[in-house]
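Asks: need coordinates for the below:
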Amino acid sequence: MSRISIRYAKALFSLAQDEKKLDTVANDLAELKELFNSNVQFKTFVLNPLLSGTKKTEVFKNLFSGKLDPLTMNFLFLLSSKKRVDVLDQILLKFDELLLSHKNQIVAEVTSPISLDDGQLDSIKSNIENITQKSVLIEAKEDSSLIGGFTVKIEDVIIDNSVRYQLSKLKEKLIS
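Replies: Take a look at the predicted model:
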């Protein structure tokens, strides 16, 4: 993540907080992130260095006028005029990090070979909350290569409680 994207994200976060629009701006940015990740044309447009800031501002006005908060719109216009729209995806990621930190939350990515039921996910969530003393948002994923068990990824830490991992450790012991 570039330093410039971190500075822009922090500035927007601070301004949204000061104007008591943090949730509104966060919702706007979530919509932008969804659009950026799901629409190839929008992503190509945002990342196109050949388009002028004026052209990007004009397109943003046409696409989002009346749909996004004026603070979010002005932020997009600022990025356009400074030719920094190319780091929008990084800004969105950093803003999410800042928001989670502000709300004392973390995201735990739980991966298992089959879909876990709500009771299992709640149990994992509760254990993580007890350890971290933070509110946990669970993102459940499936990966049949795990064979059994599960993995939990929180930021850069991975807790691997999968059968695949246990088999690989057993294999290492047998070989050595």
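Asks: tell me where the chain has strands.
Replies: 105-112, 135-142, 149-154, 157-162 (DSSP state E).
Asks: can you put these in TSV and add distance to Leu93, mean pLDDT and mean neighbour count?
Replies: (Each C-beta comes from the backbone N, C-alpha and C, glycine too.) Below are the strands of the chain laid out as TSV (distance: least, Cβ to Cβ, whole Å; pLDDT from 0 to 100; neighbours: other Cβ atoms under 10 Å):
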stretch	distance to Leu93	mean pLDDT	mean neighbour count
strand 105-112	12	96	18
strand 135-142	15	96	14
strand 149-154	16	94	18
strand 157-162	18	92	14
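Asks: which stretch among these comes nearest Leu35?
Replies: Among the strands of the chain, the nearest to Leu35 by Cβ to Cβ is strand 135-142 (19.8 Å).
Asks: partners of that closest one, with directions?
Replies: Counting by DSSP bridges, the strands paired with strand 135-142 are strand 105-112 (parallel).
Asks: list the contacts of the strand it pairs with.
Replies: The contact list for strand 105-112, computed with Cβ atoms under 8 Å, 6 or more residues apart in numbering, reads 100, 116, 121, 124-125, 128, 132, 134-143, 146, 149-155.
Asks: now do the domain split for this structure, please.
Replies: By the assignment in automatic domain parsing, the chain contains the domains 3-98, 104-175.
Asks: which of the ones you listed is buried the deepest?
Replies: Stretch with highest mean neighbour count among these: domain 3-98 (a mean of 16; mean count of other Cβ atoms under 10 Å).
Asks: what average pLDDT does that one get?
Replies: What domain 3-98 shows for mean pLDDT is 94.
Asks: just how off-centre is that domain within its chain?
Replies: Relative to the centre of its chain, domain 3-98 is centred 14 Å away, using Cα atoms, centre = their mean, to the nearest Å.
Asks: please report how far Ser176 lies from Ser2.
Replies: 43 Å (Cβ to Cβ, to the nearest Å).
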